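> Quick one: sequence and predicted model below, then my questions.
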Amino acid sequence: MKRKEKPGVIQDRVLHFLLRTNKSVSEIALLSDCSVSFVRLTMRRLKGDYFQRVKMHIPFPFKTKQPVSNAQPPKIQSDGVSLVRDVLRYIGEDPDRPGLQDTPARVVAMWKEVFRGYEEAELPKMTKFQNGADGIIYNEMLIDTGYFFSHCEHHMVPFFGEYSYGYIPDKWIIGASKISRIVDHFSARLQVAERLVCQIVDTIEKEIQPKGSILIMKARHLCKEMRGVKKYNTPFEAIAVRGYFLHNINHCKDEFLTRVR
Ligand SMILES: [Zn+2]
């Protein structure tokens, strides 16, 4: 039997239905046609990191387990570019003035780069070698140092600095460049220093089960320097300690600290 509904009512129900049944839909761009037996629409669906335009015919009334409620449809998320345009307006800017026209797209592209660490698939493959495979068993401490950039999850501003990672191998040795890649991976998220050190150390621990491992990350936090207490160039340090280093066995923690200071 045909139902008499106003297009606006159907549109609300389509939005509600899609948002409830299809979590990857983040925005309905255009409802192009409504009829009493089906709804034809074009929507934008998040596919990986990109929005994909999808055309769909949806039978109406919908076959759902629960009756469609009359509650307000959930608020639809914005895409990145309109989000940044809103931010520009919010801080008092005109997103359409010449200097800012390309800024939203540029910011979205930058976010894709600096927040790439949410993609599980991006976790670097950890090349490891059997300790002693070439006839020499390495029992001493190995240390890798480098720099990193991350963003504080409380203010979304950068914190950045140097890391020093040390481990005493057991059966496995990790490829030297892999440590910095793992540091980069977990840094490319909104973070707090305390969690970041643990995620890095535990990921490597899981892979190579060393006798012990230790990581110090010393960073300047812009949320502490450019705002709030405004303490310029006052690094904040976090440490994660596992295995031998916990009990300073054979003075390994002392040795590490002497070698990295
Ligand atoms: Zn902060």
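Nice, I can see it.

> For the most centrally placed residue in the chain, give me the pLDDT.
Residue closest to the average C-alpha location in the chain (CA atoms, centre = their mean): Tyr118, at 3.2 Å. Turning to Tyr118, the model gives it a pLDDT of 94.

> and the closest residue to it other than its chain neighbours, how many neighbours?
Nearest residue to Tyr118 in three dimensions, chain neighbours excluded: Arg189, at 5.9 Å (CB to CB, 6 or more residues apart in numbering). Bear in mind the C-beta positions are built from the backbone N, C-alpha and C, glycine included. Arg189 has 17 neighbours, counted by other CB atoms under 10 Å.

> correct me, but Arg189 touches Ser150?
Yes: using CB atoms under 8 Å, Arg189 is in contact with Ser150, at 7.3 Å.

> Assign Ile179 to helix, strand or coil.
helix (DSSP: H, G, I helix; E, B strand; the rest coil).

> Can you read off the pLDDT for it?
pLDDT, Ile179: 97.

> For it, which residues are in contact?
Asp144, Gly146, Tyr165, Ile204 (CB atoms under 8 Å, 6 or more residues apart in numbering).

> Pull up the per-residue confidence for the nearest residue to Val114 once chain neighbours are set aside.
Counting by CB to CB, 6+ apart, Ala188 is the residue found nearest to Val114 once chain neighbours are left out, at 6.0 Å. What the model reports for Ala188 is a pLDDT of 98.

> Okay, Ala188 and the ion: tell me how far apart.
17 Å (CB to the ion, to the nearest Å).

> Kindly provide the distance from that residue to Arg116.
5 Å (CB to CB, to the nearest Å).

> Settle it for me: which of those two has more neighbours?
Between Ala188 and Arg116, counting by other CB under 10 Å, Ala188 is the more crowded of the two (20 against 14).

> The residue nearest to Tyr118 and the ion: what is the separation?
14 Å.

> Then Gln199?
As judged by CB to the ion, Gln199 and the ion stand 18 Å apart.

> now swap in Gly161 and tell me
Distance from Gly161 to the ion, by CB to the ion: 14 Å.

> which ones are touching that residue?
With CB under 8 Å, 6+ apart, Gly161 has these contacts: Tyr147, Phe148, Met217, Lys218, Ala219, Arg220, Pro235.

> To what extent is Asn250 buried, counted in neighbours?
Residue neighbour count, defined by other CB under 10 Å, stands at 13 for Asn250.

> now the one 4 residues further on
Other residues near Asp254 come to 11 when the count uses other CB under 10 Å.

> confidence score at it?
In this model, Asp254 carries a pLDDT of 98.

> Correct me if wrong: it contacts His247.
No: contact criterion CB under 8 Å: Asp254 and His247 do not qualify, at 11.9 Å.
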